[in-house]
Each structure stands twice: as structure tokens, then as C-alpha cells.
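Engineer: Need coordinates for the following:
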Amino acid sequence: MKKNIKNVCYVLFAMSLLNLTNIQAQEKKDSLVNVAFGKVARENLLGGVSSVNASELMKKNFATYSLDGLQSFVGGYNGNIWGQAPLVLVDGVPRNASDVRFSEVESITVLKGGSAVILYGSKAAKGVVLITTKRGLNKPLTIEIRANTGLYVPKRYPNYLNAADYMTLYNEACTNDGIAQQYSQSLIDNTSAGTDPYRYPDIDFFNSTYLKKAYNKSDITGEISGGNDRTRYYTNFGLSYNNSLMKYGYQKNNDDLRFNVRANVDMNLTSWLKASTNAVAVFSDNYTGRGDFWGTSATLRPNWLTPLIPINMLNPSNSSLQTIVENSNHLINGQYLLGGTSTDQTNAFSDMLVAGYSKNKNRTLMFDVNVEADLGMILKGLSFKTAYSMDYTDNYSEAWKVGYAVYQPTWSNGNGQDTITALKKYNTDGNSTNEYIGNSSFTQTMSVTSQFNYNRTFAQDHYVSAALIGWGYQNRVSNDADHSSSQYHSLSNVNLGAQAAYNYKHKYYFEFAGAEVHSAKLPVKNRNVFSPAISLGWRISGENFFKDNVNFVDNLMLTASYSNLHQDLDISDYYMYQGYFDNKGGWYQWRDGAAGGWTTGSKRGNNSDLTFIQREEFRAGLNTSILNNLFTLDANYFTQNTNGLLTQGSSTIYPLYYSSWDYSFLPYLNFNKDRRTGVDFTFNLNKKIGQVDASLGFSGMYLTTKAVRRDETYQDAYQNRAGKPLDSYWGYICEGFFQDQDDINNHAQQTFGTAKPGNLKYKDVNNDGVVDSKDQVNLGHNGWSASPYTYGVNVTLKWKHFTLFAMGTGNRGAIGFKNNSYYWVKGSSKYSDVVWGRWTEATKNTPTYPRLTTTDNSNDFQNSTFWMYKTNRFDLSRVQLTYDLDESILNKSFVHALSVYFSGESLLTISKERKLMETNIGSAPQCRFFNLGVKASF
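Structural biologist: Residues are numbered from 1 along each chain as shown. Coordinates of the predicted model:
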């Protein structure tokens, strides 16, 4: 008995040590942040860097996409970084974030400042997102299984007029234009009464004939990890499946299936040599039935055609009609022929029923190997690391397609019964049983990194580090669109980086970094340039005068940096410095006037001085924590100039005779200049309230942009783009509706067509008596890269075994225009419910929409303040409730931990224009997602 007790004690002691080791390993991991080509202790970060522990976040926030919800945790990020599209690196290699699931991710680091990205060279000039995947730890074998299933529920569908209302209002439009009404009242009445849905069609796309109320997505993920002092391993495998809302024709089989596996091994080969290898495979299959259902839903008028023609309504005494039925290859359910018209000889409904399908297949394989050597035997603190990666992505489609005939019926009524007396045939029926290979593409990415690192501490207080880095990658793309020709292109990037850093007692910091950048897009003499960055840091809280007087502040650090990063990202093509001629410089008639011909002419001039575009940046930062981390704040101020953007100087630099309609001697040159200035912040509050552990995170960015210099000549200064925001939205100032002809006669002439009462009138800004493009003004920010103010919030409440998590994002300060087909109803286009507010003589004092017309109505459909709205919004992105089963219940089972959770995504939008923002036009609807999941550890 004593022996057994003793053995149990030994086991418990060993488990305690192991648990302590794992906790220490986790704390050490949390204290290190992945940065360019290495890791840095969190306390030594010099600003412009934010990181998220994804593996910890996953415990309360189930997600699938690797960058899901990042805006809720990182200030300055909204998909872009400080308003620009970043480079995404997965384990140091340029890869697609969509190829990585959130369950595979250990941490995400957002490199915002120029000094943080400079080692990556030109391609990183707009910021970098580092995704670091999970690896094995020194621990016993651990298996974790996670399973989820959920439903996507549409938020809303567009609201279009039914057929009778459409015809009634279209007749009104005809009357407004002084032409005969197109639809008879008897036709409208029969359609409204639903007398015969085949003769009097009233197509409603958004009903149960075509659509489900919800569709399912399910997935399962397994993780296997463990290791010892010599070897650590990690494997992640997952399978996910979803179908779609469609339930009609071949599209009822629409689905997506994805399988992925990631495996890595870390090995200590000797006391001074380490190696690791990673392998990833992602297989994705998509099945889509033919037919553009969603696109057609926004364009096909409800009365325009009969999708299905019932054969039991064909005149039985007409043998030619019976012959059509007998010879048809596409008799739907033995009851219907396919309907159509001369202008709709193919349509979405027929496509879905008989035209076939496409199966898209994507195969991605990623492999990399890393070797790290401790060269301390040569020089203490010296190490060497090299890595090589090779990625392949192959995408192709297997498709089946069949042609078909459609029929337009001629109707008559005899003895009170509708009968089809004739059918007009368009196209012919096809017959095929063979699939074929459709479009295909192939991408290969190779990456090589080699670096020497030096890290050493002198006299306990002096911390010195240095690095010399060589990095390059090449991306090759091949496309075969129609099996008759292929496109091939190779994109390469290479640069050499160097870094040196020093800090004294973790109080005073200095860092220099630079990259020798190369670009083949530039003339030979300008292809290499050096980009420098300098950073400084001062931990004021480490000073005695501060610690003695402000003891409630745990940490207060000020940072600043300057960088000048040269880039070619905004040089859109190769050889733009090179002029060229072609054989269609201009067409000239011969002297005899009887003929003519093309002559050789210049299309672009030379510029051997074309050079890199520069991102010149100053940044200042503050990092602080107060009252034992009750409150933490990381904030940055930045001002960033982008100098030397390309233009051809046609307006202010070169004389007019340098170019004409048929020739140009204008070269590209570095001239334009942009500026971005802003403040980003990430704030966290952690507090225990009774038995509840509460945390609140709030992040955001205030951004201003300006076009500092432009090659432009506008007659009126208010139209100059220089001095205006980069995302300026230009349009007209609307002054209401023309009420009568006198109103039109007394107003400046509008040049967008003939104005009539009920049309919009615009302000003549320059008072020249004409309203034209010269009267467009800057109406506000369009927020194409980032609204002036963006923010995110996350909340966690933990009570006993329950955890409630919520996160959301928002933006303010930008505008949009209601200018899609739902609002701009042109000619005979489909009418939406907005036209009910049209201008008429009876409603001339309260209209919300211009007069109806059968024309394109170019006068009214201009971007103007009439169509303008504010895009301010807050989105509740996700709410999740998790219950972790008490471990004491599981003591005697093989299950070590068990969690159950329920979550909802895209739950709520708070905005004055919520209806508009939640409605998709011409595409599948936005959906809320409700998910039930379980996670078990073994």
C-alpha cells in the first residue's frame, strides 16, 4: 500500500513539473514577438509592431480564416495597414492567407512602421502581416479534435416590383416620354390576378422554388503534437464542407469541399545544429451548376419571359407542336419545354436545368526546410540560419456543357381556356456525355533566406544584436485559358539586409536597419539602392526619478523612428523607362486621295533616369501599462510621404506637341507625391470583478491622406486633386428637382441630356451658365483603403467554466453613392421598390426619386449629393459562449479536456443605411452564421 502511494506521489510530482515546464514555455513564447527574420522580446519592441496570440484566442473565438477579426485587436489594420495593402508572409514565405486556417496559426504579427518592414525590401513597402504557424513542444503526445456544424441564414434580399407593378410604372415612363404605353391594361390586370402564370409570367427569384431558407457548413479538425528534448512534432489536418442556398437544377448540387494537412518536425541534430521541416497540402473542390442566377436576379424583368412552357397547354390538334415535344432533348420532368425569347436565347433558369456544371479543383503543396547553427565556438553569440521553400499551386476545371433550344409561345384563348398555338424556336438542342478540361493555371513560388545573427550581453547591462540577411523569392505563373495559348511570367524579388541594435539596461535603445534593394523594372544604372531606417527608444519607467514618483505606472516607453524605403510596387510594369514605336502610329491618306495607310510612330518616350518610388516616414510611439497591467496602451503617430510616383507629364511638364491622338513622345517620370498621416492605438483593460474575469480591448486608427503634388491643369482651382484627400469622391451638388419648364429655363444649361420637370438639377459651381464636368467638387472620402476613422473592439467575460466573447468593427467618416442598378434604373431595366418615390405632378413636393423614363436618363444618374450617403457603421462580427467541462469529471476517462461552444457571426449592423449595407445586388446574399462546436483533448 505504501509503495503504491509512493508511486502515485512520484507521478503527481512529475506531472506538476511537466505542467510547470509547459507554463514556462508558454510564458516564454508569449514574451517573444515574431518580427522581420527573427524574434524580439516584447519589452524590446521599438514601435510600429502589433501581435496577436492566435492559439490562445482560438480557445474562446472559433474562426476558420487565418486573419479573421484582426481589426478588432490591432490598431491601424483593417485589411490594409495604414491605408495600404500589405505583403502577407506565412512562416517567412509569401503565401496566401487563405491557404492557412486559423487553427493552424500560433501568432500573427502586423508590421506597420517603415523601420519594422525595411529588411524585407521593396515588396514590404506597404506593410507586412506575418503569420506564424504552430509547432510541436517538449511534452507527451497530445491529440485535440474539434468539430463544428452550422447554418448560414440570409440577412435580406433585394425588393423588386412584381410584374403588374412594373408594367404599370413602365407605362407611366412611356407617358412621361410622350410615347405610346407598351402594356395594355388587360395584360396588367390578368398578371395581377395571377390568371395564368405561364401566359402572364411574374418571376420572383427569391422564393422557395429556387432557394433554401439556410445552408450548412461543417468541419472537423485534428491536431497531434508532442516531443522531447531532441525532436518536436506537430500535425494539423482538417476537412470542411458546405453546400449553398440553391435548390434548382444542377445548382442544387453546388458545394465546396476542402481537405488540408500541415505537418512539421523540429530536430536538435547536435548541441549546436538544429533543423526543421514543414509540409502542407491543401485540396479544394468546388462544384457549380451553370447559370448566373444571382446576376440575372438583378436584371431580368419579372414579366419578360416564361421560364417553363407546359406541354399540356399546347394545342393538341397542332401536330407540329407535338413533334417539337417528341424531338426535344430537354423535356423537364416530362412536363415542360424551356422558355425564352429572341433576346434571351439562353437564360439562367434554362442554364441551371440543362446546361451542365463546372468542377473547379485547386491543389496546393508547400514545403520548406530550415537549418540553424550555433557558431558560438567561433564567436560567442554568433549563429547562422538558412531556409528554403518550394510551393506549388495547380488550379483547373472539369466541366460539362450542353446546348439547348428555347421556345417563345404564341397564345390564344378559346372557350375560356388559354392555349399555345405556336412555338418560335431559338437555338438547337445539344447532346454530350463527355466532360472536358477547362481553364488551368499553375503557380510556383521559391524562397531562399540566409542570415547571420549576433546576440550578446556585455557586463550584464549592455545588449548588442546584429544581423546580415539575404532574402529572395521568385513567383512563376502560367495560365492556359483556352488550350491554344499560354501565358507565362516570372516575378522575382531579392535584397540584402543588415541590422544592428543596442540597448542599455532595457532603458535606452538604438537600432539601425537597412536593405540593399534591387528592381529589374528600372534602367540598369538605377536598379540598386540602399534603404535605411533608424529607431530610438527610451523606457522612462526604468529611470529612478520616475519609479520613485510614479509607482502606479508599470511601464512607459517612448519610441521614434525614421525610414526611407525605396519600392517598385507602384511601378506597374517592366520597361516603363523604355520608349517604343509601333506600326500604327497614325493613319494617313495618300496624296491622290484614293487610299491611305498606317505609318510607324512613337508611342512612348525614353527616361533613363526613372528610379524607385520612396516611402519616407517618421513615426513616434508610446507603450505603457498601469496598475499591474490593469490598463495597457500601444499608440503610434506616423507621417508618411510617398515620393516619385509615376506620371507622363502631359499637363504641366512637357509641351502639347509631345503627344496627340496618334503618337506620343511622353516618357514616364517620377513626379507625383502622396502623404498619409495618422494615429493608431490598441488599448486593453483587464479587471477581475467578483468572480468574473473581464477584459476589454479597443483598437483604432485616425487617418488623413493628401495628394501633395500632381501633374494636372484644371481651369478651376477647386478641382485640383493636389491638396485633396487621396480617396476623394467627386460629384455634383444637387439642388433638388426641376418643378416645371420655367425652372429649367431659368437654370444653367445641364449637359447630360434634355432636362424635363422631375429631373435633378445641379449647382453651377463656377457660374459659367453650364453644368458639366467642371462643376464636380470633392464631396468626401470614399474610404477605398480605409475610412478616416476605423476601429475594433473585443470583450471577454469569464465566470467559472463559462466564457463569453464578443468582437466587432466599425468605421466613420466616408461616403458612398447609391449608384448600382437597384437605384439607377435605366431604360427598361428591372424596377426596384425605390421607384415608388418617383417625381410626378401629384408628388412634386415630396419625391424621393426622379421622374421615370424609358431612356438611360444620364441627367439623373450622375454621382451627386442626391445619391450620397454616409458609410458609418458598426458590425457585431462574432459572439461566442464557451463552456469548459470541469476536469475533475474527466479524471477517470481518456479525455483530458472537453469544451462546447455556440457562436454567431455577422449578427448585427448598426447604421443609418443598414438596409442598403446588408443587401447584395446581383450576387449571393450576405448571411448570418450560427455554429455549434465541440473540442476534446486526449
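Engineer: C-alpha from now on. contacts and neighbour counts both.
Structural biologist: Noted.
Engineer: And the helices in the stretch 1-150 of the chain?
Structural biologist: For the stretch 1-150 of the chain, the helices defined by DSSP state H, counting those that start in this stretch occupy 2-31, 54-57, 114-117.
Engineer: actually the chain, not the one I wrote
Structural biologist: All helices of the chain, identified by DSSP state H, fall at 2-31, 54-57, 114-117, 163-176, 185-193, 293-297, 319-327, 348-350, 544-547, 741-745, 914-917.
Engineer: Mean pLDDT lowest where, among these?
Structural biologist: Lowest mean pLDDT within the helices of the chain: helix 2-31, at a mean of 43.
Engineer: Low-confidence ranges, the protein, go.
Structural biologist: Filtered on pLDDT under 70, the chain yields the residue ranges 1-30, 481-489.
Engineer: Can you name every helix or strand that the strand ranked longest in it contacts?
Structural biologist: In the chain, taking DSSP state E as the definition, the longest strand is strand 436-458. If contacts are counted by 3 or more Cα pairs under 8 Å, 6 or more residues apart in numbering; DSSP states H and E, strand 436-458 sits against strand 382-401, strand 462-480.
Engineer: Dump those strands into a markdown table; add distance to residue 54 and mean neighbour count as well.
Structural biologist: Output for the helices and strands packed on strand 436-458, formatted as a markdown table (distance: least, Cα to Cα, whole Å; neighbours: other Cα atoms under 10 Å):
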| stretch | distance to residue 54 | mean neighbour count |
| --- | --- | --- |
| strand 382-401 | 24 | 19 |
| strand 462-480 | 27 | 18 |
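Engineer: What count of nearby residues applies to residue 817?
Structural biologist: Applying other Cα atoms under 10 Å, we find 19 residues neighbouring residue 817.
Engineer: Residue 137 now?
Structural biologist: Neighbours of residue 137 (other Cα under 10 Å): 20.
Engineer: And for stretch 415-423, what's in contact with it?
Structural biologist: The contact list for stretch 415-423 (Cα atoms under 8 Å, 6 or more residues apart in numbering) reads 196, 199, 313-315, 318, 321, 407-413.
Engineer: can we see that at 6 Å?
Structural biologist: Outside stretch 415-423, the residues within contact range by Cα atoms under 6 Å, 6 or more residues apart in numbering are 313-315, 407-413.
Engineer: closest to residue 588 out of the helices and strands packed on strand 436-458?
Structural biologist: strand 462-480 (38.5 Å; Cα to Cα).
Engineer: in the sheet, who's paired with the closest residue to residue 367 other than its chain neighbours?
Structural biologist: Closest residue in space to residue 367, ignoring its immediate chain neighbours: residue 279 at 4.5 Å, by Cα to Cα, 6 or more residues apart in numbering. With DSSP bridges as the criterion, residue 279 is bridged to residue 263, residue 367.
Engineer: what's the spacing between residue 654 and residue 665?
Structural biologist: From residue 654 over to residue 665 the distance is 10 Å, taken as Cα to Cα, to the nearest Å.
Engineer: circling back to that earlier point, touching, the residue nearest to residue 367 and residue 260? I think so.
Structural biologist: No. The pair residue 279 and residue 260 does not pass the contact test of Cα atoms under 6 Å, sitting 10.8 Å apart.
Engineer: residues in contact with the longest strand of the chain?
Structural biologist: 381-399, 463-481.
Engineer: and the two most separated of the contacts of stretch 415-423?
Structural biologist: 407 and 413 (19.1 Å).
Engineer: The two: who's more crowded?
Structural biologist: The neighbour comparison of residue 407 against residue 413 (other Cα under 10 Å) goes to residue 407, with 24 against 10.
Engineer: Flag every buried residue along the longest strand of the chain.
Structural biologist: By 16 or more other Cα atoms under 10 Å, the buried positions in strand 436-458 come out as 438-455.
Engineer: Kindly report the same for stretch 703-713.
Structural biologist: Within stretch 703-713, the residues that qualify as buried by neighbour count (16+ other Cα under 10 Å) are 703-711.
Engineer: ditto for stretch 192-209
Structural biologist: Applying a neighbour-count criterion of 16+ other Cα under 10 Å, the buried positions in stretch 192-209 are 192, 198-206.
Engineer: Off-centre distance for it?
Structural biologist: Its chain's average C-alpha position is 38 Å from that of stretch 192-209, according to Cα atoms, centre = their mean, to the nearest Å.
Engineer: which residues touch that stretch?
Structural biologist: Contacts of stretch 192-209 (Cα under 6 Å, 6+ apart): 163-164, 191, 302-303, 306.
Engineer: The residues you listed: which two are farthest apart?
Structural biologist: Within the contacts of stretch 192-209, two members stand farthest from each other by Cα to Cα: 164 and 306, at 14.9 Å.
Engineer: Beta-bridge partners for the nearest residue to residue 238 once chain neighbours are set aside, please?
Structural biologist: Closest residue to residue 238 apart from its sequence neighbours, by Cα to Cα, 6+ apart: residue 221 at 4.2 Å. In this entry, residue 221 is beta-bridged to residue 146, residue 238, by DSSP bridges.
Engineer: Likewise for the one 10 residues further on?
Structural biologist: Here residue 231 shows beta-bridge partners residue 267, assigned using DSSP bridges.
Engineer: State the number of residues packed around it.
Structural biologist: Residues lying near residue 231 (other Cα under 10 Å) number 18.
Engineer: from what I can see it touches residue 267, true?
Structural biologist: Yes. Counting by Cα under 6 Å, residue 267 is a contact partner of residue 231 at 4.5 Å.
Engineer: Run through the residues that contact the residue nearest to residue 937 when sequence neighbours are not counted.
Structural biologist: Nearest residue to residue 937 in three dimensions, chain neighbours excluded: residue 144, at 4.3 Å (Cα to Cα, 6+ apart). Contact analysis of residue 144 by Cα under 6 Å, 6+ apart lists 222-223, 936-937.
Engineer: Strands - which of the residues you listed land there?
Structural biologist: Applying DSSP E to the contacts of residue 144, the entries found in strands are 222-223, 936-937.
Engineer: Reformat the residues you listed as a markdown table; add neighbour count.
Structural biologist: Putting these into a markdown table (neighbours: other Cα atoms under 10 Å) gives the following:
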| residue | neighbour count |
| --- | --- |
| 222 | 19 |
| 223 | 20 |
| 936 | 17 |
| 937 | 17 |
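Engineer: If you count neighbours, what's buried in stretch 514-532?
Structural biologist: Using 16+ other Cα under 10 Å as the test for burial, stretch 514-532 gives 514-519, 521-523, 526, 528-532.
Engineer: for stretch 409-427, same thing?
Structural biologist: Applying a neighbour-count criterion of 16+ other Cα under 10 Å, one finds 409, 411, 418-423, 425-426 buried in stretch 409-427.
Engineer: Residue 853 reaches residue 173, doesn't it?
Structural biologist: Yes. Using Cα under 6 Å, residue 853 is in contact with residue 173, at 4.4 Å.
Engineer: so how far is residue 590 from the residue nearest to residue 589 when sequence neighbours are not counted?
Structural biologist: Nearest residue to residue 589, sequence neighbours excluded (Cα to Cα, 6+ apart): residue 596, at 3.8 Å. Distance of residue 596 to residue 590, given as Cα to Cα: 5 Å.
Engineer: Same check on residue 128?
Structural biologist: In this view, residue 128 and residue 590 are 59 Å apart by Cα to Cα.
Engineer: Compare neighbour counts for those two and give me the winner.
Structural biologist: Neighbours were counted for residue 128 and for residue 590 using other Cα under 10 Å; residue 128 has more, 28 against 10.
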